[in-house]
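*Asks:* just need the structure, nothing else, for what follows:
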Amino acid sequence: MAGRSLTAGHEGNTGRNFISNPFVENAMASDVGDSNYWAALTGIGGLVIGAVGTALGHLFNSRASMAALVDARIRILIDGYERRIADLQDEIGRLEGKVDGLTTTLEEERARTGPARQSELRLG
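*Replies:* Okay, here's the model as predicted:
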């Protein structure tokens, strides 16, 4: 190796001392076209990772607003059910009043007609 420069064949690489290897040089020359491919693939991968990270960040940050939205919808459903229950209770009260009135009328009719017709005026 005496007399041979460590940078022989690599004049553009001043300041770097390395021994020339033809296998590495050929591999490096063939990888030049592939390096653009890998650089593009790495960029796309970074873009996808960034987009997923951003979407997840927004999802986790919007958890409070989503909880408020769900709470509001549940409150609307509960209010609707409470109104429906109140309406049904009113209807039950009206029907109970009608049943009480009919029962009273039936008892009065039984008392008026006497025992002879009571078999015809049975409940049920």
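*Asks:* which is the next helix or strand following the lowest-mean-pLDDT helix or strand in the chain?
*Replies:* Least confident helix or strand of the chain, by mean pLDDT, DSSP states H and E, is helix 22-61 with a mean of 75. Going down the chain from helix 22-61, the next helix or strand is helix 63-113, by DSSP states H and E.
*Asks:* count of neighbours near residue 94?
*Replies:* 10 (other C-beta atoms under 10 Å). Yep, even glycine has a C-beta here, placed from its N, CA and C like the rest.
*Asks:* that one and residue 40: what is the separation?
*Replies:* Residue 94 is 76 Å from residue 40, where distance means C-beta to C-beta, to the nearest Å.
*Asks:* again, but for residue 98
*Replies:* The value you get for residue 98 to residue 40, if C-beta to C-beta is used, is 81 Å.
*Asks:* what of residue 93?
*Replies:* To residue 40, residue 93 is 76 Å away according to C-beta to C-beta.
*Asks:* what do you get for residue 78?
*Replies:* Taking C-beta to C-beta as the measure, residue 78 falls 55 Å from residue 40.
*Asks:* kindly export stretch 95-102 (C-alpha atoms) in CSV.
*Replies:* Extracted in CSV, the C-alpha atoms of stretch 95-102 (Å, rounded to 0.1, in the frame of the first residue of the first chain):
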residue,chain,number,x,y,z
LEU,A,95,-109.1,5.0,32.5
GLU,A,96,-109.2,4.3,36.2
GLY,A,97,-111.8,7.1,36.5
LYS,A,98,-113.9,5.5,33.8
VAL,A,99,-113.6,2.0,35.5
ASP,A,100,-114.6,3.6,38.8
GLY,A,101,-117.6,5.2,37.2
LEU,A,102,-118.7,2.0,35.4
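*Asks:* domains in the protein, by residue range?
*Replies:* Domain segmentation of the chain under automatic domain parsing yields 7-61, 63-124.
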